[in-house]
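[1] Dropping the sequence and predicted coords here.
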Amino acid sequence: MSTDNASKKRKHSSSQPAPSKKPRTQVNPTLIGPHEAILKELSAKHNVLALSVLSSTQIRKRVSSASSHLLDKSAESRAVLLHARPADVCKMITVAEQCKRLLGEKGQAWYQYNELFDLPPEAKKKKKKNTRERGDVEEEAEEDSDSDEGAFETMESRFEQAVLPPPRAQTYKSLRIFISYQAIPELSSRENVTVQTSEDTPL
């Protein structure tokens, strides 16, 4: 290969634009979706900071953000919303407990409102997909067993489907926690909300 041809090839390759880096993946908007209605309701009277707790979340940072928001009384009444997927609820509870302890050390009263919420359809589909995958493995195991026995079980399940009522649709829920330094009647009046407080008479 001549020197001229090699230099032409180098120039041709260098003239091509470098591949652009992929943008960072944004936080899934469905994480805040189940909470938009209650946040809108509370925003009329309260400054609510929504914080998600994920497996990658640093507990110290979440506690710092939540406590700083609650201890800043320069504006209207404040509250923090902590929300998480079922797998991360224990971590979220740790954040809430450490935040309350910090408020107590500052001599600040606190109120905690716990409420179950429905997960978005995407989470339900993912859960069903995992269930189907486990079912496929079980079916493969059954194929290795006696074929007559498998046929009997299939026929029995068909009779059950014809006679028994259809199963109820499953709902998947997780927990969200509101923390504030004052009582929030809009939350305590909601159905299935439990209240904890450092005060003697919770509202």
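    Right, received. Where do you want to start?
[2] And the strands in this structure?
    With DSSP state E as the criterion, the chain has strands at 47-53, 78-84, 111-118, 173-180, 194-197.
[3] The last one packs against which elements?
    Contacts defined by 3 or more C-beta pairs under 8 Å, 6 or more residues apart in numbering; DSSP states H and E place strand 194-197 against strand 111-118. Bear in mind the C-beta positions are built from the backbone N, C-alpha and C, glycine included.
[4] Could you check the angle the strand it packs on makes with strand 173-180?
    Calculated by axes from the mean of the first three to the mean of the last three C-alpha atoms, to 10 degrees, strand 111-118 forms an angle of 160 degrees with strand 173-180.
[5] Next, the angle strand 78-84 makes with strand 111-118.
    Going by the same axes, to 10 degrees, strand 111-118 makes 40 degrees with strand 78-84.
[6] pull the CA atoms of strand 111-118 into PDB?
    Presented in PDB, the C-alpha positions along strand 111-118 are these (Å, rounded to 0.1, in the frame of the first residue of the first chain):
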ATOM      1  CA  TYR A 111     -45.700  13.600  62.500                       C
ATOM      2  CA  GLN A 112     -45.500  10.500  60.300                       C
ATOM      3  CA  TYR A 113     -48.300   9.400  58.000                       C
ATOM      4  CA  ASN A 114     -48.100   5.900  56.400                       C
ATOM      5  CA  GLU A 115     -50.200   4.900  53.500                       C
ATOM      6  CA  LEU A 116     -50.200   2.000  51.000                       C
ATOM      7  CA  PHE A 117     -50.500   3.000  47.300                       C
ATOM      8  CA  ASP A 118     -51.200   1.100  44.100                       C
END
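[7] Contacts for that strand, please.
    34-35, 83, 96, 100, 171-184, 187-188, 190, 192-199, 202-203 (C-beta atoms under 8 Å, 6 or more residues apart in numbering).
[8] For that strand, buried residues please.
    Of the residues in strand 111-118, 111-115 count as buried by neighbour count, 16 or more other C-beta atoms under 10 Å.
[9] That one pairs with which strands, parallel or anti?
    strand 173-180 (antiparallel), strand 194-197 (antiparallel) (DSSP bridges).
[10] which of those sits most buried?
    Burial of the strands paired with strand 111-118 is given as mean neighbour count (mean count of other C-beta atoms under 10 Å); strand 173-180 ranks first at a mean of 21.
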